[in-house]
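Undergrad: Need a 3D model of the sequence below.
(chains A and B)
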Amino acid sequence: GDSVTQMEGPVTLSEEACLTINCTYTATGYPSLFWYVQYPGEGLQLLLKATKADDKGSNKGFEATYRKETTSFHLEKGSVQVSDSAVYFCAFALYNQGGKLIFGQGTELSVKP
Amino acid sequence: SQTIHQWPATLVQPVGSPLSLECTVEGTSNPNLYWYRQAAGRGLQLLFYSVGIGQISSEVPQNLSASRPQDRQFILSSKKLLLSDSGFYLCAWTVEEGAYEQYFGPGTRLTVT
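TA: Predicted structure coming up:
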């Protein structure tokens, strides 16, 4: 069935370290892919998206590339900041089911100064 | 621009009491609307979604119900709350075009005592 598998957390990094959060998906069809971020006590914010193979979504220094051949959408950032500490969710949309999003379980990132 | 509102922001209710959470969207027409629940430290669980007025799809069996009395209003209800209903409730919207990205409200923190 449709699913998203994310790298388990928590991930703890020092400020200015490189970040990679792995995400792979299983989907019928050709979905749009998303990364969402959730800061403590808040709702989810769309971080970036990609709609077709080899598209690179980017925002706030984060990037992810839609890899159809490996069904992956890994999130990367070259230099993390303390303010990036949050939970990150990978997801894709089911167009034929009202746009339902299938989410991964979330990866908690903690960045230490 | 589009905005999404949820209220109340926090709620403490005794077991067995009724519940009504409201979500409204501004700046768009005929959105798809969604209710999610997030238990502490856990991922997102889709509860209901709606593709139009009076059209509700239920994703999980529980003592909750949803209604959409107006195009941009989505209500989550319960006649009798259980302890297990505690969590963070998120409303979201999308439109059926483009990538189908969803935009989330600020959430309601519900504690059932």
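
Undergrad: B:Trp35 contacts B:Ala66, correct?
TA: Yes - if you go by C-beta atoms under 8 Å, B:Trp35 and B:Ala66 touch, sitting 5.8 Å apart. (Each C-beta comes from the backbone N, C-alpha and C, glycine too.)

Undergrad: who has more neighbours, the two?
TA: A direct count of neighbours by other C-beta atoms under 10 Å in any protein chain shown for B:Trp35 and B:Ala66 places B:Trp35 higher, at 24 against 20.

Undergrad: show me the contacts for the residue nearest to the spatial centre of chain B.
TA: Compute the mean C-alpha point of chain B, and by C-alpha atoms, centre = their mean the closest residue is B:Trp35, 3.0 Å away. The contact partners of B:Trp35, taken as C-beta atoms under 8 Å, 6 or more residues apart in numbering or on different chains, are B:Cys23, B:Leu46, B:Leu47, B:Phe48, B:Tyr49, B:Ala66, B:Phe74, B:Leu76, B:Tyr89, B:Leu90, B:Cys91.

Undergrad: can you pull out the helices in chain B?
TA: Counting by DSSP state H, chain B yields no residue ranges for helices.

Undergrad: Show me the shaky parts of it.
TA: For chain B, the stretches with pLDDT under 70 are B:61.

Undergrad: which one in it is furthest away from the centre?
TA: Computed with C-alpha atoms, centre = their mean, the most peripheral residue in chain B is B:Gly98, at 23.1 Å.

Undergrad: is it true that A:Phe103 touches A:Ala91?
TA: Yes - A:Phe103 is within contact range of A:Ala91, at 4.6 Å (criterion: C-beta under 8 Å).

Undergrad: now, which of the contacts of B:Trp35 sits nearest A:Gly1?
TA: Closest approach between those and A:Gly1, by C-beta to C-beta: B:Leu46, at 14.0 Å.

Undergrad: check contacts around the residue nearest to the closest one when sequence neighbours are not counted.
TA: Closest residue to B:Leu46 apart from its sequence neighbours, by C-beta to C-beta, 6 or more residues apart in numbering or on different chains: B:Glu59 at 4.7 Å. When the contact criterion is C-beta under 8 Å, 6+ apart, the partners of B:Glu59 are B:Gln45, B:Leu46, B:Leu47, B:Phe48, B:Tyr49.

Undergrad: Now for the third one: which residues touch it?
TA: Spelled out, that is B:Leu47. Applying C-beta under 8 Å, 6+ apart, one finds that B:Leu47 lies in contact with B:Trp35, B:Tyr36, B:Arg37, B:Ser58, B:Glu59, B:Val60, B:Gln62, B:Leu64, B:Ala66, B:Leu76.
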